[in-house]
Structures are given as C-alpha cells and as structure tokens.
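Visitor: With the sequence up front, the predicted model follows.
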Amino acid sequence: MISPLSSLTVPWSQELLIDGDLVRGEGPDHLVVGDPATEETLTELREASSDQVGQAVEAARRAFESDTWKDRELRRHVLLTMANILEENAELLTAAIVHEVGTPVTLARLLQIGEPIALLRAFADLALVNRDRSLGVADGPPRSDAVIAYQPSGVVAAIAAYNYPLLFTATKLGGALAAGCTAVLLPSPQAPLSILLFARLLQQADLPRGVVNVIVGGAGVGQALTTHSDVDKISFTGSVGVGRQVMAQAASGLKRVALELGGKSPSLLLPDADIDAITEQVHARYVRNAGQGCSSPTRILVHESRYDDFLDRSRDAFASLKVGDPWDTTVVAGPVISEQHRERIEGYVARAVDAGGKVVAGGGRPDMPRGWYLNGALVGEVTNKSEIAREELFGPVGVVLPYRTVDEALAIANDSDFGLAATIYGDSVAARELAPRLRVGTVMINGWIPRQDKAGGGFKMSGMGREIGEEGVREFLETQFIAWPEPQA
Ligand code: NAD
C-alpha cells in the first residue's frame, strides 16, 4: 500500500537557526539535496559562512552561561517541547525523511519519529536528576567533608550522519540539554532537510535563544565548528575516517570527543538456533534502510551443520524482503543515498566474487525505472579475512561464515577492527554467558530490543563514549571534586 504521505507537499526550509533566528546561509558553497528514489533535486541551499559558524557557537555560549539555563525544570520543558514538536508534526517530518534519505515510510515513522519522541521524554526525566554525591567526612588531618559534583561540559558541537537524522538529533541534543549543555547541530550535507524543518518548528516554539543552533555545510563547516575555541565537547556520528579527522581537529584545543562510528557487527547463530524461525529477521535487520545502519549485523556466523539449511532459508527470506518504493508501507528497503554509494557497495560485491566468493542469496538490482536501488544480498564462500567481511559497506549486503565450535565463532566475531554490536540467536541462558566475551558495546539476544535507557556506543574503532540513557547524559558532564575543612568532632 502506498502511504498517503507520499502526496504531502513538504515546505522545505533553507534556513539555519542561529541565536533563535532563522537565517539563510551566507557561505560560498551550495548544497544540492536530492531524493534518492526519484533522482530529483528537492532543494538547494547555501552553507553557513565561517562568521555564521562563529555566531552559532557564541549564541550557544551565551545561552550556556545564562542563569536561566541552570534551571533543570526549564531544561526538562525544552526537551518535552522538542518531543511534542515531533509528535505534532510527525507526518510532515516523516515525509521529509522518506524524501531525503529514501528510508521506507514505516521505518521512518518508527525510528525517526517514534523512537526520538521516546528518547527525548526519557532525557526530560534525566534532566531533573541531581547526580552530585557526598563523600562524607574524612578524619584527615585536616578533618574535611567533600562532594563529587557533575557540571555540564559546556557548548557541544553535535555532528550527525545522514542515515537517521532525527534520531541523532534526539540522542545528541537529548543528552546534551539534559546535562545542561547547549549545542550547535550540524546535519549531514546529504540529508539536512528534516533537521532544518525541525529547526524551523523549534524557532516557532518560543524556547530560550541560543540553546539549540542548527547550521549546515560540508567538511569545511564541520572543521570550523570543531576547532572553534568556544566549543567544549564534540559529539560526532559518522564514519571511521571522518571520526579520525574530528579527533585530530579536537586535539589542539583538547576538546572532549564522543565518537559514534561504523561497524561490522556479527550475528552469531548458536548450534541450537531455530533457523526456520529466525532467518528472515537475521537478514531483515541489515537489509532495512538499505543497509544504512551502523549496527547492521552483516557477518552471519552459522554452525557448519546448519549451513546448507541456513542458505535454503535465506533464499526464501530474500525473496520475501521487499525492496522498492519507500512510500510503500510493506517495503523493507528503499534506495541507498546516492549513485556513488550504490557503486561503492556493488564494487565490494564484485571484488568478493572475483576473489572466489559467491552471491548465495539475493543480489542485483530491483526493476525500478529510477532511483539508487539495490537488492539485499548474501555473500558466501569468503573468509573473515576477506575485504567484504572486514570493511563496512553501509549497504544491504551480508556475509555468511561457517564455524565448527562456539569458541571459534566467538573468535571470528571478535576478529574485527570494529566493536559496535552483536546479536546472538539461540538458548537465552547460553547466550547471556557468551555476551561478556564479545568485544562490542551492545549485545542483543534473540533479536533487536529498543530501550531508551541503553548506553549505545562502540569498542575499538567503532568509537568512544556512549549515547542514550544515563550514560548518554554523563557523556556531557565534567566531574568536579569539592572539599572543605570540618571542625574537629
Ligand atoms: P561521514 O563520516 O561521511 O559524515 C558524518 C558527518 O561528518 C557529516 O555531517 C559531515 O558533514 C561531517 N564532516 C565531514 N568532514 C568533517 C570534518 N572534517 N570535521 C567535522 N565534521 C565533518 O558519515 P556518513 O556517510 O554521513 O554516515 C555513515 C557512517 O556513519 C557509517 O560509517 C556509519 O556506520 C556511521 N554511523 C555510526 C552510528 C553510530 O551510532 N555508531 C550511527 C549512524 C551512522
């Protein structure tokens, strides 16, 4: 069924939000934002100039220093207002996401509206928590009392990847504002439009000026933002390569960084896993959003005794995972973000096949007149040392790797530069015993479980720092020790 949202006319915004005002970008470069399903241009806009980057950071600094922003109730109110804005404008914002990212409408509604609303409401409650901790009296000398206090980090540069723009808006702004920070948000130049619409709605909501600023641009604007002397903390979501650059840019000012980077996550199917019941969800989890998900479990580890069975079920599964028009409510995957990105993904598959691998299920492109579509594919007859098993494709392509023993499966799972997430399928008690041996930030057992109190983040090259929940607030806090002398008892 085609969603009625497909006929909604989205009033695109070309305006940045700086110090409570909507302004056009004045930078030298234009961004052209396209619809990956139709290949048409949605809108063009000017990037922020370096002056505007400075204005946004200075506005965030003033808001941070203001007495009003020290009020926890106000911070809670702002976060709840943001959640309400998403709820009240769910249709418009969902439509914007489908247009600019190509995310299927059902998934867009769930992960880009529903989940951000839930996260922002959870952050609103966390904004009220006083985390200061009394250490109590120590005999000394001198006799003293002391407290561990937590102070907001300051001005946050929040930088988002293109695949789930409103979700990252909620995780970054949610954690930062709950902690008492203020922010300058930089969306991806590939998908800035839903965030700019959200910025326009925020501006109309009569919130304190400068607490949230939104600018747009590419690498140059990102560099200007992350090296600005008044930025205290950088919260970045994106690729390992750009994450490294961001860390280097942060180094001269010794800015705090949280990096949410890529992954090559394993799905470990234990020997007792119910292959018939789970195969479709194992594939759906990484085919969804055309594979453009950081935690996509694209390395599937199957016991050798179940391997043929798994391939049979996989062929059925790929036949029923629908790839096509993102406005179709039954579609699992729409197009990928761009022509270049599709070529990049197809290049990985072609090189794997050249090296002796085989597409054992799915593959190719769907029959669509236009758009950057790509079918889900499962590649077999490769090892965990092959390029396609080691690098993040950010596309709907999995590899299947047989194992002989569970210890060997764990070794394969951990043999990766990444450490973002893993899923274990099989007996829940056995899976829980294995979970701590996986060098990843998130372990899901028997399927993906959304929680607003999760601490998302990676081991190894998948990044540093945590997002969402209590840890997602602590990421934006500095620890402070305060001590004073006490009279002798
Ligand atoms: P990207 O690294 O190309 O871009 C991310 C952001 O960085 C963009 O907003 C871009 O404008 C900005 N940027 C570019 N150069 C910069 C610079 N020098 N300084 C500051 N900012 C700069 O990533 P992408 O293609 O948008 O997203 C895909 C990647 O993001 C994948 O690797 C994916 O795994 C990762 N990702 C990670 C998570 C997570 O939570 N771990 C979530 C989603 C996506």
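Guide: The structure has been received and is ready for your questions.
Visitor: What is the neighbour count of Val105?
Guide: Counted with other Cβ atoms under 10 Å, residues neighbouring Val105 total 24. The C-beta positions use only the backbone N, C-alpha and C, and glycine is treated the same way.
Visitor: distance of the spatially closest residue to it that is not a sequence neighbour from Tyr162?
Guide: In space, Val105 comes closest to Ser3 once its chain neighbours are excluded; the distance is 4.5 Å by Cβ to Cβ, 6 or more residues apart in numbering. Between Ser3 and Tyr162 the computed distance is 22 Å (Cβ to Cβ, to the nearest Å).
Visitor: Next: Arg72.
Guide: Per Cβ to Cβ, Arg72 is found 33 Å from Tyr162.
Visitor: More neighbours: which of these two?
Guide: More crowded of Arg72 and Tyr162, by other Cβ under 10 Å: Tyr162, with 21 against 15.
Visitor: Report pLDDT for the spatially most central residue of the chain.
Guide: Centroid check for the chain by Cα atoms, centre = their mean gives Phe168 as the closest residue, at 5.3 Å. According to the predicted model, the pLDDT of Phe168 comes to 98.
Visitor: Now it. Nearest residue, chain neighbours left out?
Guide: Going by Cβ to Cβ, 6+ apart, Phe168 has Ala160 as its nearest residue, at 4.0 Å.
Visitor: what residues are up against the one you found?
Guide: Phe168, Thr169, Lys172, Leu185, Leu186, Pro187, Ser188, Ile195, Thr237, Gly238 (Cβ atoms under 8 Å, 6 or more residues apart in numbering).
Visitor: same check, this time on Thr279
Guide: Counting by Cβ under 8 Å, 6+ apart, Thr279 makes contact with Phe310, Arg313, Ser314, Asp316, Ala317.
Visitor: Pretty sure the residue nearest to Val105 sits against Thr330.
Guide: No - shown here, Ser3 and Thr330 do not form a contact pair, counting by Cβ atoms under 8 Å, at 10.3 Å.
Visitor: More neighbours: which of these two?
Guide: Taking neighbours as other Cβ under 10 Å, Ser3 and Thr330 compare with Ser3 leading, 21 against 11.
Visitor: can you give me phi and psi for that one?
Guide: phi -70, psi 140 (degrees, to the nearest 10).
Visitor: Could you check how far it is from the ligand?
Guide: In this view, Ser3 and the ligand are 24 Å apart by Cβ to the nearest ligand atom, to the nearest Å.
Visitor: element containing the residue of the chain found nearest the ligand, please.
Guide: When distances are taken as Cβ to the nearest ligand atom, the chain reaches nearest to the ligand at Gly222, 2.3 Å away. Secondary structure from DSSP states H and E places Gly222 in helix 219-226.
Visitor: for that helix, packing partners?
Guide: For helix 219-226, the elements it packs on are helix 50-65, strand 155-159, strand 182-186, helix 240-251, judged by 3 or more Cβ pairs under 8 Å, 6 or more residues apart in numbering; DSSP states H and E.
Visitor: Please repeat the previous calculation with a cut-off of 6 Å.
Guide: With contacts defined as 3 or more Cβ pairs under 6 Å, 6 or more residues apart in numbering; DSSP states H and E, the secondary structure elements packing on helix 219-226 are helix 50-65, strand 155-159, helix 240-251.
Visitor: Just name the most buried of those.
Guide: Among these, the stretch with the highest mean neighbour count (mean count of other Cβ atoms under 10 Å) is strand 155-159, at a mean of 29.
Visitor: about what we covered before: local confidence estimate at the residue nearest to Phe168?
Guide: Confidence at Ala160, expressed as pLDDT, is 98.
Visitor: ok, now how distant is it from Arg133?
Guide: Ala160 sits at a distance of 33 Å from Arg133 (criterion: Cβ to Cβ).
Visitor: ditto for Arg24
Guide: According to Cβ to Cβ, Arg24 and Arg133 sit 47 Å apart.
Visitor: cool, and Thr38?
Guide: Counting by Cβ to Cβ, the separation of Thr38 from Arg133 is 55 Å.
Visitor: Of those two, which one has the most company?
Guide: Just comparing Thr38 and Arg133: by other Cβ under 10 Å the higher neighbour count belongs to Thr38, 15 against 12.
Visitor: thinking again about what came up before, now intersect the contacts of Ala160 with the strands, please.
Guide: Assigned to strands by DSSP state E, the following of those qualify: Leu185, Leu186, Thr237.
Visitor: on that earlier part again, for the residue of the chain closest to the ligand, grab the count of nearby residues.
Guide: Using other Cβ under 10 Å, the number of residues around Gly222 comes to 24.
Visitor: which residues touch it?
Guide: With Cβ atoms under 6 Å, 6 or more residues apart in numbering as the criterion, the residues that contact Gly222 are Ile159, Leu186.
Visitor: near the ligand, which residues of the protein show up?
Guide: 159-163, 186, 188-189, 218-219, 222-223, 226, 237-239, 242, 245-246, 249, 260-263, 294, 392, 394, 420, 458, 463 (Cβ under 6 Å from any ligand atom).
Visitor: Please indicate which of those are buried?
Guide: Among the residues of the chain next to the ligand, those classed as buried by neighbour count (16 or more other Cβ atoms under 10 Å) are 159-163, 186, 188-189, 222-223, 226, 237-238, 242, 245-246, 249, 260-263, 294, 392, 394, 420, 458, 463.
Visitor: CA atoms of stretch 379-399 as CSV?
Guide: Listed in CSV are the C-alpha atoms of stretch 379-399, where the atom choice follows Å, rounded to 0.1, in the frame of the first residue of the first chain:
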residue,chain,number,x,y,z
VAL,A,379,27.8,-13.5,0.0
GLY,A,380,29.3,-16.9,0.9
GLU,A,381,32.5,-18.8,0.3
VAL,A,382,34.6,-16.0,1.7
THR,A,383,36.6,-15.9,4.9
ASN,A,384,36.5,-13.5,7.8
LYS,A,385,39.9,-12.1,6.4
SER,A,386,38.3,-11.1,3.1
GLU,A,387,37.7,-7.4,2.4
ILE,A,388,33.9,-7.8,2.3
ALA,A,389,34.0,-9.4,5.8
ARG,A,390,36.2,-6.7,7.3
GLU,A,391,35.0,-3.4,5.9
GLU,A,392,31.8,-1.6,6.5
LEU,A,393,29.8,-1.5,3.2
PHE,A,394,26.9,0.5,4.7
GLY,A,395,24.7,-1.4,2.3
PRO,A,396,22.3,-4.3,2.3
VAL,A,397,24.9,-7.0,2.0
GLY,A,398,25.8,-9.7,4.5
VAL,A,399,28.4,-12.4,4.5
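Visitor: Could you list the buried residues of it?
Guide: By 16+ other Cβ under 10 Å, the buried positions in stretch 379-399 come out as 379-382, 384, 386, 388-390, 392-399.
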